[in-house]
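**Q** Need a 3D model of the sequence below.
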Amino acid sequence: QLQLVESGGGLVQPGGSLRLSCAASGFTLDDYTRGWFRQAPGKEREVVSCIDGNNDARTYYADSVKGRFTISRDNAKNTVYLQMNNLKPEDTAVYYCAAEPLSRCGSSWHPTVGYWGQGTQVTVSS
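**A** Got it, this is the predicted structure:
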């Protein structure tokens, strides 16, 4: 079965950290742009961070997470990660990973083909 499976969400206090993982099964991520979106209640889904599938591994971060979040990939494990530090209440959302072949990472990246994960809840609250 071709799918992306996320893990690592949860409840954390402001200032805390979480690491999200997204593992692909049934296909390899090597040539895929991959990344993370989030959707908070009443808001549109937005791209948080992404990384290109080529050797350059160019990355993008939304302004709201720059300096706090880090995206990385492990091709051997067919997995992409999102390390989230100094979390804020406004980071609360459902986080989705996505992967799309032969596309370009950036602020306008919106996969129309490829795969989406099922979503994982991140709640930042004291």
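
**Q** use CA for all of it now, contacts and neighbours both
**A** Fine.

**Q** and the next element down the chain from the helix or strand where Val5 lies?
**A** With elements taken from DSSP states H and E, the one containing Val5 is strand 3-7. Sequence-wise, the next helix or strand downstream of strand 3-7 (DSSP H and E) is strand 10-12.

**Q** neighbouring strands for the strand holding Val5, and are they parallel or not?
**A** Paired strands of strand 3-7, with direction, are strand 18-25 (antiparallel) (DSSP bridges).

**Q** Against which helices or strands is the helix or strand following the partner strand packed?
**A** With elements assigned by DSSP H and E, the helix or strand that comes after strand 18-25 is strand 32-39. On a contact count with 3 or more Cα pairs under 8 Å, 6 or more residues apart in numbering; DSSP states H and E, strand 32-39 meets strand 46-51, strand 79-84, strand 93-101.

**Q** Pull the contacting residues for the closest residue to Gln83 other than its chain neighbours.
**A** Nearest residue to Gln83, sequence neighbours excluded (Cα to Cα, 6 or more residues apart in numbering): Arg19, at 4.4 Å. Counting by Cα atoms under 8 Å, 6 or more residues apart in numbering, Arg19 makes contact with 8-9, 81-84.
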